[in-house]
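> Next input, structure requested:
(3 chains)
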Amino acid sequence: MSGRILALFLAFVVLVTLPHWMNGIYYVNVASQILFYAVFALGLNVLAGYGGLVSLGHAGLFGVTAYATGYMLQLGFGHPAAILIALLVGLASMAIYAALSLRSTGIGFIMITLALGEILWGLAYRWISLTGGDNGLSVKTRPEPFGFSLSDANTFYYATLVVFLLSLAAMTIFVRSPLGAALMGTRDQPRRMNALGYHVWAIRFYACLFSGLLTSVSAILFVYYTQFISPQTLALTSSAEVLLMVISGGAGTLLGPIVGAALVVVVKTVVSGFIERWNFLLGAIFVAIVILMPEGLVPGSVRLWRLAWRKRTRGTTVVTGGAGAKP
Amino acid sequence: MSRKLTRRQVMAGTAAGVAAAAFKFPTPAIAQAKPFKLGLLTIKTGPLAQGGIQMEQGIVTFLKEKNYTFAGRKVEFISADCGGTPAGTKTKAQELIERDNVDTIVGPLAAFELLAITDYIRDHKTPCLSLAAAEDMTQRRPNPYFLRASATSSQAMHPMADFAAKELKLKRMITISEDFAFGYEQMGGFQQTFEDNGGKILKKLWPPIVTPDYTPYLAQISDCDGVCQGFAGSNPLRFLKQYAAAGLKFPVVTGETGGDDALLRSFGDDALGLYSCCPYTLDLNSASNKRFVAAMNKDYGVDPGFYCAGLYVNGMVIEAGLQKTGGKSDDKAALMAAMKSVSLADTPRGPIKFDHLGNVIGDFYVRHLEKANGKLINKTVKTYHNVSQFWTYDEKKFLQQPVYSRDYPPLKS
Amino acid sequence: MTFWLVLTVNSITFGGLLFLLSAGFSLIFGLMRIPNLTHGSLFMLGAYIGASFVIGVFGVRLNFWLAAVLATLAVALLGALAERLLLRRLPGEQLAQVLVTLGLSFMAADFCLMVWGGDPLSVETPAALTGFARLGILVFPNYRLAIIVIAIIVAMGLWLLLERTRLGAMIRAGVDDPDMARVVGIRVSQLFTIVFALGAGLAAFAGIIGGPILSVYPGLDQDMLPLALVVVILGGSGSLLGSFVGSIIVGFIYNFGQALLPELAYFVLFLPMLLVLILRPQGLFGRYVP
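This is a model prediction of the structure:
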């Protein structure tokens, strides 16, 4: 266990000192993107990984909060007010989204969320007076909390890092809490949970709200980063992309979505500069992950590491614990 | 095997470093100028890849012709794939400007991509030449670092409407275009000029961008004497096929994307008779166009269309601008002013110059799709000279009216 | 009057194309419970391969129907390979299935760009079916009428397969209760490969048959996949009748919805889908609640 803590501590140090050793503002910006997409993926993981509810419309919710921020700013509200209102709008939308989607589970849930995502996408295109249609909304300035201007790339990175760490902490607390345990129970044995007296629907609903909170937070970071929001962000491909981040990294694990987010963002932004057919490469990586580590990159790597470790020390150590057990 | 740095190694390394610093290689008397860095924002994956690939072909053709040298300076060309999303475009723009320090950007392809980065390129004072047709970039919200050598969405539709009313003598038309800004702006421009010339638009149809089957809209096309379409990408092919398959025979007119020369290789006979108005036409008899088309045929085996030509012309503008500044690009404002003042007589799209908002004033060609020697061609039937983004309208009045949208101009009852 | 007639006939014929598109998905989902998100890409691959032989992109020009058969067989083979090598390792693991099918669809889409470039391909209507049919005052293209005939033939063929052959009986047993089927001695995993290949082949066949109407272009996969999903939801999966009726219903909603409610054109398919899912999650004819 201490190996894990050491690894996490090292990762923390690396992240905190990143602007100092990273080679240029561009890569600091890539790191910021990885972090807020990781928050988005963490939010989806609450449902898809821990809840067994695969949502294919999460980009729609992401978009709603982003548009709310942009719209409030255009109306002349200041940043704090806009952020607060956007968070509330995001949570309210998630409540409606959850109320509609939780009528079904399994493939039905996937389909309802897909339909909702597509409807939100269509709204973004057609409700031109609100969203600007495909011309989108621009966000002219970034906030300046406590006098630090987020227009500076390094400062934005640190702000994102703080939000990311808070989100990760929130996730950890959630997963280790009774609500988290109950949620995993409803994922694995919904009927038994029901028989035991748990209100399955309510557990899932609260999980959705938590997921909505993380999604809204990441959307606000996104819209301040890109300073632009348009309907493409709500498309089915965007929802699929964040789902792929969660699954490829390891659904139902704490760190999985972060690794998945890093994978997708790095291939899309950095690798695409070297390899023209990066889309093919990304697809091939996903297929390779399914072949080699179908449970995801993080649990799969842990499993392979333990396998290699056992092979190294065969005959001298007693193997405890199952390989590939979820952290 | 652990590798520890021995004291001996450290001493040797330091000695080598000091020696290298002390004995510098002599630099040549003529200092090597920094290369001029040109960045391309394009799309090479996904549904919009068609235009993106053509954009790259166009600019590379020009660079090859000039041997990657503008005004005596070597040109370093960097191509970036935006993936067709605004976030991706912003990221790639950052990559080009902050990591690669490009001097000028060409592209991006789509209007929403350009709108995502317009504030950014202005803040970083990077000249940008794009084909994206978003009107307000050079009208109500102009960006001083933006130059457009192709056309605004409606710039080709004003002459098309003029032609439709005066030459084709059409009076009652129905418009159909995709349900997004490019469609609205094209049809708005067409409607305004068509109705100014005594015509009337009966209906405006707006199929969503993703419409596999246009029949529900084609069924509403009746009782008129012509149709104006504004489809882009690969949609014109599908539309014209289904239009012919539905038995509709009204003459069809379109703008720069609906009858693009690059689509001629995909069109079937159902596209025959289409009138299109475009800032570029394959059969333009200018020396540079002949060179351009020959090079495209040789390198890529295809005929160029509007996207290729647009980027080729952008290259010409940049080169001409650099000639004016004597090859200097450190003062971006000066480079921008130089490019804006460029006036070229011989380009693949004919003579061009820019208005004070950064949009082109040039020739627009009305073509008729015919068959010659078994091959489909767009034959130029009329040339409109010196067309600006405001057509014959007074600039102030034009800018006071709202931007062309789904409901503006409104339908006459 | 012609307006209503055109829309009605087109609803039925477009429904026919939708049936061909969704039958494969419905079959795979019904038997294997795999949401095959590669379905749109298989449709597109079939369209590209078929179009290549019709146009002669690779130097070989074939008759339309022959090209269609070749495309169908090629993609069915690809489907079988994908099932054996990839999907077989993931029984019941929905998330991994989503990952692999989406990964494959990325690869397929980029592969098509690499091979055929960004330009759209136009597929000529087969010579025998060009022209129009006159039904009273209505003039309607022959090829579209042919599509509904093809759809009916395919539907009948599938029905015969499922109801009258031993293979069909085994498939139906596998749909109803895979574990019992195994107990009785049915080689369910072999069945899975056959069914997946059949579903993939159907998608490809739909792609090339739709070619003369839709043309072939990058992005075709993303345009058609949501349509397949809507049909499967409205008609229910694992049920042939449901697929067929669902397709026709979606055809009507698509045509009349877009023509009469242009303001809602973006939502005209997804709102009914949402309503059905909320009120009756198994679809109109589905056998089980998902």
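> which parts of the stretch 1-150 of chain B sit against chain C?
Neighbours of chain C within the stretch 1-150 of chain B, by C-beta under 8 Å from any C-beta of the partner chain: B:K44, B:T45, B:G46, B:P47, B:A49, B:Q50, B:G51, B:G52, B:I53, B:Q54. Bear in mind the C-beta positions are built from the backbone N, C-alpha and C, glycine included.
> Turn those into JSON lines, including secondary structure, neighbour count and pLDDT.
Below are the residues of the stretch 1-150 of chain B next to chain C laid out as JSON lines (DSSP: H, G, I helix; E, B strand; the rest coil; neighbours: other C-beta atoms under 10 Å in any protein chain shown; pLDDT from 0 to 100):
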{"residue": "B:K44", "secondary structure": "coil", "neighbour count": "24", "pLDDT": "90"}
{"residue": "B:T45", "secondary structure": "coil", "neighbour count": "26", "pLDDT": "87"}
{"residue": "B:G46", "secondary structure": "coil", "neighbour count": "23", "pLDDT": "83"}
{"residue": "B:P47", "secondary structure": "coil", "neighbour count": "21", "pLDDT": "84"}
{"residue": "B:A49", "secondary structure": "helix", "neighbour count": "26", "pLDDT": "90"}
{"residue": "B:Q50", "secondary structure": "helix", "neighbour count": "28", "pLDDT": "91"}
{"residue": "B:G51", "secondary structure": "helix", "neighbour count": "24", "pLDDT": "91"}
{"residue": "B:G52", "secondary structure": "helix", "neighbour count": "27", "pLDDT": "93"}
{"residue": "B:I53", "secondary structure": "helix", "neighbour count": "21", "pLDDT": "93"}
{"residue": "B:Q54", "secondary structure": "helix", "neighbour count": "27", "pLDDT": "94"}
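> Kindly indicate which of these lies nearest chain A.
Taking C-beta to the nearest C-beta as the measure, chain A lies nearest B:T45 of the residues of the stretch 1-150 of chain B next to chain C, at 4.4 Å.
> so who does the closest one touch?
The contact partners of B:T45, by C-beta atoms under 8 Å, 6 or more residues apart in numbering or on different chains, come to A:R277, A:W278, A:N279, B:D81, B:G83, B:G84, C:A109, C:D110, C:L113.
> what kind of secondary structure is the closest residue to chain A within the stretch 151-290 of chain C in?
Residue nearest to chain A within the stretch 151-290 of chain C (C-beta to the nearest C-beta): C:Y266, separated by 3.0 Å. Judged by DSSP: H, G, I helix; E, B strand; the rest coil, the three-state class of C:Y266 is coil.
> wait, doesn't it sit right on A:A124?
No. If you go by C-beta atoms under 8 Å, C:Y266 and A:A124 don't touch, sitting 9.4 Å apart.
> Just want the phi and psi numbers for the spatially most central residue of chain B.
Nearest to the mean C-alpha position of chain B, by C-alpha atoms, centre = their mean, lies B:L131 at 2.2 Å. Dihedral angles of B:L131 (phi, psi; degrees, to the nearest 10) stand at phi -90, psi -10.
> Where does the prediction get shaky in the chain?
In the absence of a named chain, this looks at chain A. Scanning chain A for pLDDT under 70 picks out the ranges A:1, A:315-327.
> please go with chain C instead
Chain C contains residues with pLDDT under 70 at C:236-238, C:282-290.
> give me that answer again for 80
C:1, C:30-32, C:91-92, C:135-137, C:172, C:174-176, C:178, C:235-239, C:280-290 (pLDDT under 80).
> Enumerate every residue touching whichever residue of it sits closest to chain B.
Proximity of chain C to chain B (C-beta to the nearest C-beta) peaks at C:G219, 2.8 Å away. Counting by C-beta under 8 Å, 6+ apart, C:G219 makes contact with B:G46, B:P47, B:S234.
> can you narrow the residues you listed to ones near chain A?
Restricting the contacts of C:G219 to those within reach of chain A (C-beta under 8 Å from any C-beta) leaves B:G46.
> need the contacts of C:G219 in JSON lines with distance to C:I213, can you?
Output for the contacts of C:G219, formatted as JSON lines (distance: C-beta to C-beta, whole Å):
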{"residue": "B:G46", "distance to C:I213": "23"}
{"residue": "B:P47", "distance to C:I213": "18"}
{"residue": "B:S234", "distance to C:I213": "14"}
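> now the residue of the stretch 1-150 of chain A found nearest chain B, nearest residue through space, not along the chain?
Nearest residue of the stretch 1-150 of chain A to chain B: A:Y26, at 3.8 Å (C-beta to the nearest C-beta). Once flanking residues are discounted, A:Y26 sits nearest to B:R99: 3.8 Å by C-beta to C-beta, 6 or more residues apart in numbering or on different chains.
> before we move on, what about C:F205?
C:T72 (4.4 Å).
> gap between the one you found and C:L202?
Distance of C:T72 to C:L202, computed by C-beta to C-beta, to the nearest Å: 8 Å.
> Of these two, which one has the most company?
Taking other C-beta atoms under 10 Å in any protein chain shown, C:T72 and C:L202 do not tie; C:L202 has more neighbours (30 against 24).
> Show me the longest helix that occurs in chain B.
helix B:306-324 (DSSP state H).
> hmm, that one in reach of chain C?
No. Residues of helix B:306-324 contacting chain C under C-beta under 8 Å from any C-beta: none, with a closest distance of 10.1 Å.
> circling back to that earlier point, wait, the residue of the stretch 1-150 of chain A closest to chain B touches B:Q94, no?
Yes. Using C-beta under 8 Å, A:Y26 makes contact with B:Q94 at a distance of 5.8 Å.
> Just after the strand or helix carrying B:D363, pick out the following helix or strand.
B:D363 belongs to strand B:360-372 when assigned by DSSP states H and E. Downstream of strand B:360-372, the first helix or strand assigned by DSSP H and E is strand B:375-387.
> what helices or strands is that next one leaning on?
helix B:157-166, strand B:275-278, strand B:360-372 (3 or more C-beta pairs under 8 Å, 6 or more residues apart in numbering or on different chains; DSSP states H and E).
> What does the closest residue to chain C within the stretch 101-250 of chain B show for phi and psi?
The stretch 101-250 of chain B approaches chain C most closely through B:S234 (3.6 Å), counting by C-beta to the nearest C-beta. Per-residue torsions, B:S234: phi -100, psi 0 (degrees, to the nearest 10).
> Look up how far B:A337 lies from it.
Distance, B:S234 to B:A337, by C-beta to C-beta: 39 Å.
> Give me the more crowded residue out of the two.
More crowded of B:S234 and B:A337, by other C-beta under 10 Å: B:S234, with 25 against 15.
> between C:Y266 and A:A124, which one's more packed in?
Higher neighbour count among C:Y266 and A:A124: A:A124, with 28 against 22, using other C-beta under 10 Å.
> one step back: in contact with the residue of the stretch 1-150 of chain A closest to chain B, which residues?
Neighbouring residues of A:Y26 by C-beta under 8 Å, 6+ apart: B:Q94, B:E95, B:E98, B:R99.
> Brilliant, that's me finished.
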